[in-house]
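Visitor: what's the 3D shape of this:
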Amino acid sequence: METVRRIRIGEGRLFKQIRLASLRESPSAFEATYESALRRSPESWSSQSDGTAEGSDRATFIAFTNNSPIGIAALYRKGETDTGELLQVWISPEHRSRGVANDLMDAVFHWAGENCHRAVVATVTRDNTRALRFYQKYGFKPLNETSPDSSDAPVVLAKDLNVCAR
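Guide: Okay, the predicted model is just below:
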């Protein structure tokens, strides 16, 4: 049975475990590299994890099956705006196409609405067609136009919430 929940204070090791798994399995999907992540201190993992465990500006959600982490998604408020940036989204390959990504997005968007984010943006590499299809199916719309001279440029997508639950 799969569950999704927000990361908790003191779960830096859990965050490190799932983040390293994502970077190792999908190196081209992220700006960070597995090698650079390995060099991070335990304190930096804990600090980042704890910083997303509370408050209304950043949140990290973990998907589990049988108490094992199988997916991650984070939302960080962009500056002083009401827009959140979706980051670190990943599902372990053996759990893809089973609804886990939808469950993670549902948790992210529920939290975003409760914390007055009015839009969520995601940046995806152009060759990550699986992610692009998922985001568009979930209701994201491309913000930047595709042109032949921008084949290396990432695709920026957005989805409006149009609601603040407060």
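
Visitor: any low-confidence regions in the chain?
Guide: Low-confidence segments of the chain, defined by pLDDT under 70: 1, 145-151, 163-166.

Visitor: cutoff 90 now
Guide: Where the chain drops to pLDDT under 90, the residues are 1-2, 27-31, 78-82, 116, 125-129, 143-155, 161-166.

Visitor: what's the burial count for T65?
Guide: Close neighbours of T65, defined as other Cβ atoms under 10 Å, add up to 16. Heads up, the C-betas are built off the backbone N, CA and C, glycines and all.

Visitor: I figured it hits R98, correct?
Guide: No - using Cβ atoms under 8 Å, T65 is not in contact with R98, being 9.1 Å away.

Visitor: Using PDB, write out every CA atom in stretch 12-21.
Guide: Listed next in PDB are the C-alpha coordinates belonging to stretch 12-21 (Å, rounded to 0.1, in the frame of the first residue of the first chain):
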ATOM      1  CA  GLY A  12      17.600  14.100   7.000                       C
ATOM      2  CA  ARG A  13      18.800  10.500   6.500                       C
ATOM      3  CA  LEU A  14      15.500   9.500   4.800                       C
ATOM      4  CA  PHE A  15      15.700  12.600   2.600                       C
ATOM      5  CA  LYS A  16      19.300  11.700   1.600                       C
ATOM      6  CA  GLN A  17      18.400   8.100   0.800                       C
ATOM      7  CA  ILE A  18      15.600   9.000  -1.600                       C
ATOM      8  CA  ARG A  19      17.400  12.000  -3.100                       C
ATOM      9  CA  LEU A  20      20.500   9.900  -3.800                       C
ATOM     10  CA  ALA A  21      18.400   7.200  -5.400                       C
END
